[in-house]
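Chemist: Could you look at this predicted model? Sequence included:
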Amino acid sequence: MSDAVGLVVGTEDSTPLKFAVAVGPDAYLQLDDVVVTQRTLPGVGPVMTSGIVTEVRSRHEGASFGSDVFLIADGVLPAQVQEIAEITTTRVDPEVYVPPLPGSQARRAQGDERARALYFDQMDQKVPVGLGRDGLPVFLNLEFLNGVRGAHVSISGISGVATKTSFALWLMHSIFRSGVLGGGGRNSKALVFSVKGEDLLFLDKTNVRLDDRLREEYALLGVPAEPFASVGFFAPPTPQDAAGRPHVTGRTSGVSAFWWTLAEFCADGLLPYVFADVEDERNQYTMVVHNVASRLRFEAEAAGVDGAVTIEGRTVRTYEALVDFVVDKLSDDSTRGTWAGPAIGQGTANAFIRRLISSVRPLREIIRGDLPKSDERVVSTEGQQITVVDLHNLQERGQRFVVGVVLAAETRRKEAAGTGSLLFTMIDELNKYAPREGNSPIKDTLLDIAERGRSLGIILIGAQQTASEVERRIISNSSIKVVGRLDPAEAGRPEYGFLPPSQRQRATLAKPGTMFVTQPEIPVPLAIEFPFPAWATRQSECNAEDLAAPPQSSSAAPRASVFTRLPPTTEDDEPPF
């Protein structure tokens with residue numbers, strides 16, 4: 001047979017879960033090839049054992065010393081070159097776990113055999129995730145993404161090399177555009193927090209590097225080679241800009257500035273999100289945070305349409321002024337008990353004060369009472385399919401505040417709306433928001449999404465350089481785990497125990513665009529290459545004419561953050577993307 005590659009060897013033990021194949025002289029096997037062999041059992045019939053090549057080794061049979069290779073090359077010493085491929089079993093069909101017999105023919109799986117070996121035949125809803133080493137599509141089971149049997153994705157790898165963000169965007173593009181969501185795709189959303197400069201502010205622009213070869217690659221995966229069709233962009237306000245214009249330089253239109261008014265900050269009790277380690281049991285000022293937040297909610301009254309507040313007769317229009325007011329109350333012995341709590345000493349109050357004062361610089365531009373109130377400033381996933389929140393101009397503390405507040409609001413909204421649609425939430429540098437040690441409101445929200453989000457239709461796509469520094473419960477609740485290029489020290493961590501030894505080593509050498517993907521149905525991670533983005537990932541990848549094009553108009557209610565709106569759909573329409 002043309003697809004035969006060798007025979008099951010008899011010099012090594014074969015087991016139902018692992019066996020070796022001697023590669024024929026005119027054939028080859030490479031890592032990640034899918035191999036199948038068959039054995040006939042009495043009373044059962046043919047039993048097909050399929051697996052993936054996880055190691056290949058070559059040696060001279062007949063040589064005793066390292067220097068014999070020279071004699072063999074000169075024809076003085078007889079020897080034979082033999083390649084042995086180690087196969088890790090992925091599927092036994094029917095499930096009669098017996099070892100392949102030595103001498104049985106092994107062949108490279110193709111067509112239906114390949115689909116059965118990788119369980120693609122049992123996936124009712126397949127999401128194209130990339131191309132395998134054989135150049136054929138590899139799929140994820142949507143049921144492990146949409147909450148039916150599991151949810152959440154964890155992506156790990158070295159910054160700048162592992163292409164974590166690019167893969168996450170490709171995965172969302174594949175989910176939305178492959179048709180796997182059916183008619184429900186029109187209501188599914190994605191919320192993307194961007195810390196990569198302004199790179200993600202051009203997702204609705206065609207990449208100038210898109211050529212016919214890339215279009216063919218997308219076509220092979222069943223996904224259109226097009227940019228994202230419906231995207232809303234948000235960025236923090238420009239510092240010291242009285243008009244509240246977004247702080248961006250590359251994109252001049254279609255971006256809305258976001259901020260929270262002082263009235264919202266007080267009324268919604270957002271103060272705990274200012275403190276990343278507020279719930280750490282070692283911190284004694286935890287009670288102060290909640291007491292002050294409760295007091296602000298009770299005392300603050302809205303003053304005007306710009307979001308300012310009046311507290312005890314004093315009008316406050318900036319976050320810095322609000323901090324000064326709170327500091328005055330906690331520093332005064334006559335008011336400290338009322339604001340901080342009756343049993344709080346000055347030392348504990350001072351610990352709170354120090355941390356509160358240090359929050360002024362990172363938060364003063366996004367907590368305002370001096371800008372004209374506008375509905376467009378509210379970060380929301382309504383009105384567009386992809387919502388990008390640009391955080392790169394904020395300090396780390398400001399980034400954590402935004403992520404925590406927006407996620408909490410979207411979780412409440414999704415919980416109130418009920419099931420029936422999906423919200424994919426993409427967070428880069430997840431270890432900053434859900435570290436392994438300590439607790440915070442932000443971490444609690446992420447844990448709630450990881451443990452309960454699948455029932456609400458909220459899917460977390462987390463990317464991090466080091467999975468070993470992320471809260472264990474978030475990683476363990478991720479049904480899909482993806483690994484790109486890894487640091488050698490990180491690759492040895494137990495969080496990557498799902499990778500076979502050969503793949504752990506390969507992960508330290510992986511080139512950009514190569515990922516190792518594991519999912520519950522397939523016992524061996526699959527090496528894939530995902531296509532180059534069809535959308536611009538930076539300003540330099542946009543056509544000048546496309547970049548200068550004004551936002552498209554829509555008959556729907558205007559919203560400055562929506563650059564391109566969803567067209568109207570009917571009940572039987574496919575997703576309009």
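Modeler: Sure thing, it's come through.
Chemist: The residue nearest to Pro227 when sequence neighbours are not counted bridge partners, please.
Modeler: Nearest residue to Pro227, sequence neighbours excluded (Cβ to Cβ, 6 or more residues apart in numbering): Trp535, at 3.7 Å. For every residue, glycine as well, the C-beta is placed using N, CA and C. For Trp535, the beta-bridge assignment (DSSP bridges) gives partners Thr206.
Chemist: I'd assumed Phe202 was in contact with Trp535.
Modeler: Yes: between Trp535 and Phe202 there is a contact at 7.1 Å, judged by Cβ atoms under 8 Å.
Chemist: Compare those two and say which is more crowded by neighbours.
Modeler: Neighbour count, other Cβ atoms under 10 Å: between Trp535 and Phe202, Phe202 has more, with 27 against 22.
Chemist: re earlier: what's near enough to touch the residue nearest to Pro227?
Modeler: 169, 173, 202-207, 226-228 (Cβ atoms under 8 Å, 6 or more residues apart in numbering).
Chemist: Relative to Val388, how far out is it?
Modeler: If you measure Trp535 against Val388 using Cβ to Cβ, to the nearest Å, the figure is 12 Å.
Chemist: tell me, what's touching the two both at once?
Modeler: Shared contacts of Trp535 and Val388, defined by Cβ under 8 Å, 6+ apart, are found at Leu203.
Chemist: Quick check, pLDDT for Thr286.
Modeler: pLDDT, Thr286: 82.
Chemist: Next one: it from Glu113, what distance?
Modeler: Distance from Thr286 to Glu113, by Cβ to Cβ: 59 Å.
Chemist: What of Ala507?
Modeler: Ala507 is 28 Å from Glu113, by Cβ to Cβ.
Chemist: And Thr537, by the same measure?
Modeler: To Glu113, Thr537 is 37 Å away according to Cβ to Cβ.
Chemist: Kindly report the same for Ala151.
Modeler: From Ala151 across to Glu113, the span is 30 Å (Cβ to Cβ).
Chemist: Okay, now stretch 464-477: how far is its last residue from its first?
Modeler: 15 Å (Cα to Cα, to the nearest Å).
Chemist: Just the buried positions in it, please.
Modeler: Residues 464-471, 474-475, 477 are the ones in stretch 464-477 that count as buried (16 or more other Cβ atoms under 10 Å).
Chemist: from those residues, which two are the most distant?
Modeler: Farthest pair in the buried residues of stretch 464-477 (Cβ to Cβ) is Gln465 and Asn477. Separation: 19.8 Å.
Chemist: Provide a list of residues in contact with Pro525.
Modeler: Pro525 touches 481, 483, 498-500, 503, 516-518, counting by Cβ under 8 Å, 6+ apart.
Chemist: Ok, Tyr97 next?
Modeler: When contacts are counted by Cβ under 8 Å, 6+ apart, Tyr97 touches 16-17.
Chemist: Wait, Asp68 touches Glu61, no?
Modeler: No: at 11.1 Å, Asp68 and Glu61 do not qualify as touching, with contact defined as Cβ under 8 Å.
Chemist: Between these two, which contacts overlap?
Modeler: Ala79.
Chemist: lowest average confidence, helix or strand, in the protein?
Modeler: Among the helices and strands of the chain, helix 544-548 carries the lowest confidence by mean pLDDT, DSSP states H and E, at a mean of 67.
Chemist: Quick check: next helix or strand after the lengthiest helix in the chain?
Modeler: Taking DSSP state H as the criterion, the chain has its longest helix at helix 396-417. Using DSSP states H and E, the helix or strand that follows helix 396-417 in sequence is strand 423-427.
Chemist: chain center to that next one: distance?
Modeler: Remark: strand 423-427 is offset 7 Å from the chain centroid, using Cα atoms, centre = their mean, to the nearest Å.
Chemist: how far off helix 396-417 does that strand point, in degrees?
Modeler: 170 degrees (axes from the mean of the first three to the mean of the last three Cα atoms, to 10 degrees).
Chemist: Show me what strand 423-427 pairs with in its sheet, parallel or antiparallel.
Modeler: strand 189-194 (parallel), strand 458-464 (parallel).
Chemist: Rounded mean pLDDT for that strand, please.
Modeler: Per-residue scores along strand 423-427 average to 95.
Chemist: Over to stretch 257-267?
Modeler: pLDDT averaged over stretch 257-267 gives 95.
Chemist: domains of the chain?
Modeler: As given by automatic domain parsing, the domain ranges for the chain are 4-117, 126-258+373-548, 260-368.
Chemist: and the ones you listed, which is most packed in?
Modeler: domain 126-258+373-548 (a mean of 20; mean count of other Cβ atoms under 10 Å).
Chemist: pLDDT below threshold where in the stretch 401-550 of the chain?
Modeler: Within the stretch 401-550 of the chain, the segments meeting pLDDT under 70 span 544-550.
Chemist: Show me the strands in it, by range?
Modeler: Assigned by DSSP state E, counting those that start in this stretch, the stretch 401-550 of the chain shows strands spanning 423-427, 458-464, 480-483, 514-519, 522-529.
Chemist: okay, those strands in CSV with distance to Leu140 next?
Modeler: Formatted as CSV, the strands of the stretch 401-550 of the chain follow (distance: least, Cβ to Cβ, whole Å):
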stretch, distance to Leu140
strand 423-427, 13
strand 458-464, 12
strand 480-483, 6
strand 514-519, 6
strand 522-529, 10
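Chemist: can you tell which of these is closest to Cys542?
Modeler: That would be strand 423-427 among the strands of the stretch 401-550 of the chain, by Cβ to Cβ, at 21.5 Å.
Chemist: so what's the residue nearest the centre of the chain up against?
Modeler: The centroid of the chain falls nearest to Ile461 when counting by Cα atoms, centre = their mean (3.0 Å). Ile461 makes contact with 152-153, 155, 168, 171-172, 424-427 under the criterion Cβ under 8 Å, 6+ apart.
Chemist: one more time with 6 Å, if that's ok
Modeler: Contacts of Ile461 were listed using Cβ atoms under 6 Å, 6 or more residues apart in numbering, and they are 153, 168, 424, 426.
Chemist: Likewise for Arg107?
Modeler: Per Cβ under 6 Å, 6+ apart, neighbours of Arg107: 3-4.
Chemist: for Val208, same thing?
Modeler: Counting by Cβ under 6 Å, 6+ apart, Val208 has contacts 541, 543.
Chemist: Work out for me the element it sits within.
Modeler: Following DSSP H and E, one finds Val208 outside all helices and strands.
Chemist: if we can go back for a sec, what bridges to the residue nearest to the centre of the chain?
Modeler: Listed beta-bridge partners, Ile461: Val153, Met426 (assigned using DSSP bridges).
Chemist: Phe233 belongs to a strand?
Modeler: Yes: residue state for Phe233 (DSSP: H, G, I helix; E, B strand; the rest coil) corresponds to a strand.
Chemist: tell me the contacts of the residue lying closest to it once chain neighbours are set aside?
Modeler: In this structure, Phe233 finds its nearest non-sequential neighbour in Val255, 4.3 Å apart by Cβ to Cβ, 6+ apart. Contacts were defined as Cβ under 6 Å, 6+ apart; by that measure Val255 touches 233, 235, 246, 248.
Chemist: so which of these comes closest to Val127?
Modeler: Distances from Val127 to the contacts of Val255, taken by Cβ to Cβ, are shortest for Phe233, at 25.7 Å.
Chemist: Can you verify my assumption that the closest one contacts Val389?
Modeler: No: applying Cβ atoms under 6 Å as the test, Phe233 and Val389 come out as separate, 8.4 Å apart.
Chemist: Save the strands paired with strand 423-427 as TSV, and put in distance to Thr261 too.
Modeler: Output for the strands paired with strand 423-427, formatted as TSV (distance: least, Cβ to Cβ, whole Å):
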stretch	distance to Thr261
strand 189-194	21
strand 458-464	26
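Chemist: Out of the ones you listed, which gets nearest to Arg397?
Modeler: Evaluated over these, closeness to Arg397 peaks at strand 189-194, with 14.7 Å, by Cβ to Cβ.
Chemist: Give me the angle between that closest one and strand 231-235.
Modeler: Orientation check (the same axes, to 10 degrees): strand 189-194 against strand 231-235 gives 40 degrees.
Chemist: How far off centre is the next helix or strand after strand 189-194?
Modeler: Beyond strand 189-194 in the direction of the C-terminus, DSSP H and E gives the next helix or strand as helix 212-221. Chain-centre distance of helix 212-221: 24 Å, with Cα atoms, centre = their mean.
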